[in-house]
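Engineer: Predicted model and sequence below, questions to follow.
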Amino acid sequence: MSNETNPTNTPAMVGGGVAGGAFALVYDFAGRFRTGSAVGNVTSTTGHLPVGILGHRGNPSFTTATPVVTTVGGTLGTMASIAATSSGAIPNRLIAFGLNAGVSGAPPVVAAGSPRNFQLPSPITASAGGFTANTGGAAVFNQYLSQTAWRGGNGQVGIGTTVGGQLVLAAVAQDVSAGNFIAVVTANSAGNQAWDVAAHPGMPVKSGPGGAAIGTLSTTGLNLSAPTVDRSGNVFFVASWQPNVGPAATGVFRSARTGAGYQLELILTTGQQVAGANSGRTYTVSQITLSDSDSVASGTMFSGSMIQERDPLTQSSTSRSIRSFGGLVIAAGITYDNGGTPESYDTVLFIGPQQGTDCIADYNGGGVGIQDIFDFLNGWFASSPNADVNVSGGTDIQDVFDFLNAWFAGC
């Protein structure tokens, strides 16, 4: 494909254990969706484009999730991307389609009748309040510009589901007046769709589920990575933000899907200290990759940065639980204090829920008991990041109160 007249975008892939063989899932600049394997049995089609859509924009997103909206097909999973109705039209559409396994080792095919088209509404309002955008209908999904088509990542559209199996798509939109924001559409098999906003300038950031407000996303010049979505409808991304205390920072966030709209929770931030899982040594997160000189960075978070499948040994009782996903991978810089000498490394960090339950009172993971109090206090006096139970970014006396309140309340 690399020597052809029409260049291709960075490909996605479906693994051999799922499709009966490893296959590349490729978009090209002629508006075609192409699938193939190492033996060169390449197929090409424009059948992934819904009626009224001229072409896709950006790189393909793929997930093995099969939401109810693709029940007419999608035995392998679901794909999505940004799209436009014509060569001169603004890219204000998201498309999704199901992917079926090929016959007798043939490449995967678009599930007949599955392609769907979703237009960004004008206006779009956050159901949690405080933000409205696209009032003039000119907002665009434009994160596919610059180097991302050639260097990745994949893709610009997050694909997930609600707990009930409805399709959830999320992408960053740009509004010259309202700023950058993450638009989310939820759709069911009956053709109904509902839009919401998962992130926007000035959106309050909480320390965790039901936690205290600890800052806001940047009010001006908000930088956002592409989003990724779990199978409970929660949206994850990297963004610039302003803590209530301290300088501006870059963080990893979860926008939790609730009955009152999306609520923003901090997962990790620059300046935060973390206990190394293998070394046991504490390091500081000095940098989280987000943007380059003129666009979103190819090394930041994209749709494919998430493991949606949960660890079988993690227990989650609600869709708001931080254990609602398997894990994330992000590019970051970390710094160790080696006897007073800082040692910096470029890394790929895995962020995932610990095995166990959602109960913070079960500090050692062995069930709630008196030993949890001793273990927590030992960690607290040692300023262990694990003792930051309210995820405020550091240990203080409030962590003691919050832990004891949880311990006496039980789980």
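Structural biologist: Sure, I can see it. None of the values given here were measured: they were computed from a predicted structure.

Engineer: can we go C-alpha only for contacts and neighbour counts from here?
Structural biologist: OK.

Engineer: what's downstream of the lowest-mean-pLDDT helix or strand in the chain, the next helix or strand?
Structural biologist: For the chain, scoring each helix and strand by mean pLDDT, DSSP states H and E identifies helix 16-19 as the least confident one, at a mean of 63. Following the chain from helix 16-19 toward its C-terminal end, the next helix or strand by DSSP states H and E is strand 23-27.

Engineer: gap between that following strand and the chain center?
Structural biologist: Strand 23-27 has its average C-alpha position 21 Å from the chain's average C-alpha position, going by Cα atoms, centre = their mean, to the nearest Å.

Engineer: now swap in stretch 152-169 and tell me
Structural biologist: How far stretch 152-169 lies from its chain's middle: 8 Å, per Cα atoms, centre = their mean.

Engineer: try stretch 248-258
Structural biologist: Taking Cα atoms, centre = their mean, the mean C-alpha location of stretch 248-258 is offset from the chain mean by 10 Å.

Engineer: Give me the mean pLDDT for that stretch.
Structural biologist: Confidence over stretch 248-258 (mean pLDDT, whole number) is 95.

Engineer: Flag every buried residue along it.
Structural biologist: Of all the residues in stretch 248-258, those buried under the rule 16 or more other Cα atoms under 10 Å are 248-257.

Engineer: ok so Trp150 is a strand residue?
Structural biologist: No. When the secondary structure is assigned by DSSP: H, G, I helix; E, B strand; the rest coil, Trp150 falls in helix instead of a strand.

Engineer: what's near enough to touch it?
Structural biologist: The neighbours of Trp150, taking Cα atoms under 8 Å, 6 or more residues apart in numbering as the test, are 8-10.

Engineer: Show me where the stretch 1-150 of the chain dips below the pLDDT cut-off.
Structural biologist: Across the stretch 1-150 of the chain, the ranges flagged by pLDDT under 70 are 1-4, 16-20, 39-41, 69-73.

Engineer: my guess is Asp402 is in a strand, correct?
Structural biologist: No. Note on Asp402: no strand contains this position according to three-state DSSP, which reports helix.

Engineer: all strands for the stretch 1-150 of the chain, in order.
Structural biologist: 12-14, 23-27, 33-36, 43-45, 55-63, 77-84, 93-100, 109-110, 116-119, 124-125, 132-133 (DSSP state E, counting those that start in this stretch).

Engineer: Counting by contacts, list what the longest one packs against.
Structural biologist: Strand 55-63 sits against strand 12-14, strand 23-27, strand 77-84, helix 148-151, strand 158-161, with contacts defined as 3 or more Cα pairs under 8 Å, 6 or more residues apart in numbering; DSSP states H and E.

Engineer: which residues in the stretch 251-400 of the chain form helices?
Structural biologist: Taking DSSP state H, counting those that start in this stretch, the helices of the stretch 251-400 of the chain run over residues 370-381, 397-409.

Engineer: Could you export those helices as TSV, including distance to Asn92?
Structural biologist: As requested, the helices of the stretch 251-400 of the chain are arranged in TSV below (distance: least, Cα to Cα, whole Å):
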stretch	distance to Asn92
helix 370-381	49
helix 397-409	45
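
Engineer: closest one to Arg57 among those helices?
Structural biologist: Distances from Arg57 to each of the helices of the stretch 251-400 of the chain were compared using Cα to Cα; the minimum, 46.5 Å, belongs to helix 397-409.

Engineer: Next, the buried residues of the closest one.
Structural biologist: The neighbour-count check on helix 397-409 (16+ other Cα under 10 Å) flags 399-400, 403-404, 407 as buried.

Engineer: Likewise for stretch 266-279?
Structural biologist: Applying a neighbour-count criterion of 16+ other Cα under 10 Å, one finds 266-274 buried in stretch 266-279.

Engineer: Closest one to Cys359 out of those, please.
Structural biologist: Ile267 (16.9 Å).

Engineer: ok, now how distant is the closest one from Phe237?
Structural biologist: Taking Cα to Cα, to the nearest Å as the criterion, Ile267 is separated from Phe237 by 10 Å.

Engineer: Number of residues surrounding Phe97?
Structural biologist: By the other Cα atoms under 10 Å criterion, the neighbourhood of Phe97 contains 29 residues.

Engineer: which residues touch it?
Structural biologist: For Phe97, the contacting residues are 48, 70, 74, 78-80, 110-111, 114-116, by Cα under 8 Å, 6+ apart.

Engineer: could the residues you listed go into TSV alongside distance to Ile351 and neighbour count?
Structural biologist: Formatted as TSV, the entries for the contacts of Phe97 read as follows, by distance: Cα to Cα, whole Å; neighbours: other Cα atoms under 10 Å:
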residue	distance to Ile351	neighbour count
His48	33	28
Thr70	30	26
Gly74	29	26
Thr78	24	28
Met79	24	27
Ala80	25	28
Val110	33	24
Ala111	33	23
Ser114	33	22
Pro115	33	24
Arg116	32	20
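
Engineer: Which member of those residues is positioned nearest Ser293?
Structural biologist: Relative to Ser293, the closest of the contacts of Phe97 is Ala80; by Cα to Cα it sits at 27.1 Å.

Engineer: Now do that closest one against Ala332, distance only.
Structural biologist: As judged by Cα to Cα, Ala80 and Ala332 stand 27 Å apart.

Engineer: What residue, apart from its backbone neighbours, is nearest Gly47 spatially?
Structural biologist: Residue nearest to Gly47 in three dimensions, not counting chain neighbours: Val110, with 6.8 Å by Cα to Cα, 6 or more residues apart in numbering.

Engineer: and the one you found, what are its bridge partners?
Structural biologist: Leu99 (DSSP bridges).

Engineer: show me what contacts it?
Structural biologist: 47-48, 74, 97-100.

Engineer: What of Ile214?
Structural biologist: By Cα under 8 Å, 6+ apart, the neighbours of Ile214 are 204-207, 243-245, 392.

Engineer: Now for Ala183, how many residues are close by?
Structural biologist: The number of residues near Ala183, taken as other Cα under 10 Å, comes to 25.

Engineer: In three-state terms, label it for me.
Structural biologist: With three-state DSSP as the basis, the three-state label of Ala183 is strand.

Engineer: Distance of the residue most central in space within the chain relative to Gly130?
Structural biologist: In the chain, the C-alpha nearest the mean C-alpha coordinate belongs to Thr228, at 2.2 Å (Cα atoms, centre = their mean). Applying Cα to Cα, one obtains 23 Å for the distance of Thr228 from Gly130.

Engineer: Same check on Arg231?
Structural biologist: Arg231 is 26 Å from Gly130, by Cα to Cα.

Engineer: Compare the two (neighbour count), which wins?
Structural biologist: When Arg231 is set against Gly130 and neighbours are counted by other Cα under 10 Å, the residue ahead is Arg231, at 24 against 11.

Engineer: Perfect, I'm done here.
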